[in-house]
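> Sharing a model that was predicted from the sequence below.
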Amino acid sequence: MLRGKVIVIGICGGIAAYKMAEVVSRLKKLEAEVYVIMTPAATEFITPMTLSTLSQNAVAVDMFWQTGDPHIQHIELAQRADVILIAPATANMVGKIAAGIADDLLSTTVLAATAPVMLAPSMNVHMYENPIFQENLKRLHRFGYQIVSPGAGFLACGDTGPGRLPEPEILVQELVRFLSPLQDLTGKTVLVTAGGTQEPLDPVRYLTNRSTGKMGYAIAEAAQKRGARVILVSAPTTLEPPAGVDIVPVTTAQAMYHAVMEHYPQCDAVIKAAAVADYRPRLAANQKIKKEENNLVIELERNPDILFELGLQKNHQILVGFAAETQNLTEYAGEKIKKKNLDFIVANDVTREGAGFGTDTNIVTIVYPDGRMVPLAQMSKLEVADRILNEMTALPRWKK
Ligand code: CTP
């Protein structure tokens, strides 16, 4: 599966370094060409001998590494690689890369790299949650570094929480996915709604909500990359539409309703990430409303529930809803699945830090009609988008 691919594995000094023997072994079984660079601290946890035996290549540790082969220098390696995976990526290494520091072989190789770099952070939960570390990680993400989110659970240090290096098979899957992107949505049409609708009050004012559209745009991007034709029905946002999607701009809930209904028959799936206003001002004034002495009472009337209508008219389509809640998350999500005839719902508690409106990450639980739940750790909205698509393509109804 990975024949002809050159993978550089950077190992830092963390207890999870032992898992990298298994990663290298699995990559070799998939026929990748693997080179390992270790920091000196990493050699305290696992020996270079183990990794050179498994990778069938010399392991590089120090800057002034000499193999006798003049072609395998770190700069050349950094340029020949199809991908560089740093795992475990310690807080120290992430901090150094984020600051542009190159004071050991691994950080120097990364700074010289033209290949994409994946980072799999692993550390104590308090280090992971430290805002300085989180800022460094965000900075690298902005520069295009791929971040593999850590698992949550019991950590070697005795604490519990996020910080665990994903199991070797997950790291290998991430590499395979990155090097040979899935095209499992080819031939399918996926409609995504995004953003918060605006309900006019007069020519200068409107009612809206805090949605920025980031989650919906991430889903549209992920589905497009996986080969789908994507129709993105978008309420106003400040985001650039992802390349290759058909964008249908709308403003109000009613306009979104008409746009979605028009395209519904040709869709294989509808993912409703938009925050649709449940109510609109009954009368939108033609002229600007002038202030008066008394209080102003605005009468609101119900907007159509788009997802409910889609549920009524559902035929072959997969329907995925979102439930943004501030309390009783799974209970409310369960009710919405039944009421709107959904295949599953993506529930998030928008009051949690790292979840909800405006953030680049999300923390969601996928809830199925039979009550089954798939809780996901905090991860980038693009990663959440891929996980949602994975759940969708695993549905028996999708496969029919
Ligand atoms: N939704 C919709 N049309 C509406 C309101 C919501 O299509 N008028 C969709 C949203 O896009 C989302 C799902 O329904 O996928 C859940 O939205 P939410 O506002 O959380 O649920 P509501 O059904 O409006 O329930 P409530 O406001 O009571 O929480």
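Thanks, I have it. Residues are numbered from 1 along each chain as shown.
> How about the residues of this protein by the ligand?
Applying Cβ under 6 Å from any ligand atom, we find that the chain lies next to the ligand at 253, 272, 274, 276, 278, 303, 305-307, 321-324, 336. Where you see a C-beta, it was placed from the backbone N, CA and C, and this is true even at glycine.
> Kindly tell me how buried residue 119 is, as a neighbour count.
By the other Cβ atoms under 10 Å criterion, the neighbourhood of residue 119 contains 23 residues.
> That one belongs to a strand?
Yes - residue state for residue 119 (DSSP: H, G, I helix; E, B strand; the rest coil) corresponds to a strand.
> from memory it sits against residue 86, does it?
Yes - at 5.2 Å, residue 119 counts as touching residue 86 under the criterion of Cβ atoms under 8 Å.
> Please name whichever of the residues of the chain next to the ligand scores lowest on pLDDT.
Lowest in pLDDT among those is residue 324, which has 87.
> got the contact list for the spatially closest residue to it that is not a sequence neighbour?
Once flanking residues are discounted, residue 324 sits nearest to residue 350: 4.9 Å by Cβ to Cβ, 6 or more residues apart in numbering. Neighbour list for residue 350: 324, 325, 326, 356, 357 [criterion: Cβ atoms under 8 Å, 6 or more residues apart in numbering].
> how about 10 Å then?
Going by Cβ atoms under 10 Å, 6 or more residues apart in numbering, residue 350 touches 210-211, 275, 323-326, 329, 356-359, 362-363.
> Quick one: the strands in the stretch 51-200 of the chain, in order.
Taking DSSP state E, counting those that start in this stretch, the strands of the stretch 51-200 of the chain run over residues 83-89, 117-121, 146-147, 151-154, 160-164, 189-194, 199-202.
> Centre of the chain to the fourth one, how far?
Taking Cα atoms, centre = their mean, to the nearest Å, one finds the center of strand 151-154 at 18 Å from the center of the full chain.
> list the helices and strands the helix-or-strand element of the chain with minimal mean pLDDT packs on?
When each helix and strand of the chain is scored by mean pLDDT, DSSP states H and E, strand 151-154 comes last, with a mean of 75. If contacts are counted by 3 or more Cβ pairs under 10 Å, 6 or more residues apart in numbering; DSSP states H and E, strand 151-154 sits against helix 125-129, strand 160-164.
> Next, give me the two most distant ones among the contacts of residue 350.
Across those, the longest distance by Cβ to Cβ is 19.1 Å; it joins 329 and 358.
> Have a look at these two and say which one is more surrounded.
Neighbour totals were compared for residue 329 and residue 358, and residue 329 leads with 20 against 10 (other Cβ under 10 Å).
> ok, that one - contacts?
Shown in contact with residue 329 (Cβ under 10 Å, 6+ apart): 323, 347, 348, 349, 350, 351, 352, 364, 365, 367.
> Where does the stretch 101-250 of the chain get nearest to the ligand, residue-wise?
Closest to the ligand within the stretch 101-250 of the chain is residue 193: 6.1 Å, counting by Cβ to the nearest ligand atom.
> So that residue sits against residue 247, correct?
No - applying Cβ atoms under 10 Å, one finds residue 193 not in contact with residue 247, separated by 11.6 Å.
> out of these two, which sits in the busier spot?
Set residue 193 next to residue 247 and count neighbours by other Cβ under 10 Å: residue 193 wins out with 29 against 14.
> Which parts of the stretch 301-400 of the chain are helices?
Using DSSP state H, counting those that start in this stretch, the helices of the stretch 301-400 of the chain run over 306-312, 329-340, 381-393, 396-399.
> actually the stretch 51-200 of the chain, sorry about that
Under DSSP H, counting those that start in this stretch, the stretch 51-200 of the chain gives helices at 74-80, 91-99, 105-112, 125-129, 131-142, 168-179.
> Export those to a markdown table and append columns for mean neighbour count, distance to residue 382 and mean pLDDT.
Below are those laid out as a markdown table (neighbours: other Cβ atoms under 10 Å; distance: least, Cβ to Cβ, whole Å; pLDDT from 0 to 100):
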| stretch | mean neighbour count | distance to residue 382 | mean pLDDT |
| --- | --- | --- | --- |
| helix 74-80 | 16 | 25 | 80 |
| helix 91-99 | 20 | 19 | 98 |
| helix 105-112 | 21 | 22 | 92 |
| helix 125-129 | 17 | 20 | 93 |
| helix 131-142 | 15 | 10 | 95 |
| helix 168-179 | 18 | 12 | 89 |
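> Name the nearest of the contacts of residue 329 relative to the ligand.
Ranked by distance to the ligand (Cβ to the nearest ligand atom), the contacts of residue 329 are led by residue 323 at 4.8 Å.
> ok, now how distant is the closest one from residue 10?
40 Å (Cβ to Cβ, to the nearest Å).
> do residue 105 as well
Plainly put, residue 105 is 9 Å away from residue 10 if you go by Cβ to Cβ.
> shared neighbours, these two?
When contacts are counted by Cβ under 10 Å, 6+ apart, residue 105 and residue 10 have 37, 38, 39, 60 as shared neighbours.
> now those residues in a markdown table, with distance to residue 3?
Converted to a markdown table, the shared contacts of residue 105 and residue 10 look like this (distance: Cβ to Cβ, whole Å):
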| residue | distance to residue 3 |
| --- | --- |
| 37 | 22 |
| 38 | 25 |
| 39 | 29 |
| 60 | 23 |
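> least confident pick among those residues?
Out of those, that is residue 60, at 89.
> gap between that one and the ligand?
To the ligand, residue 60 is 50 Å away according to Cβ to the nearest ligand atom, to the nearest Å.
> what pairs with that residue across the strands?
Beta bridges link residue 60 to residue 37 when assigned by DSSP bridges.
> ok, it touching residue 42?
No - the pair residue 60 / residue 42 is not scored as a contact, 11.3 Å apart, by Cβ under 10 Å.
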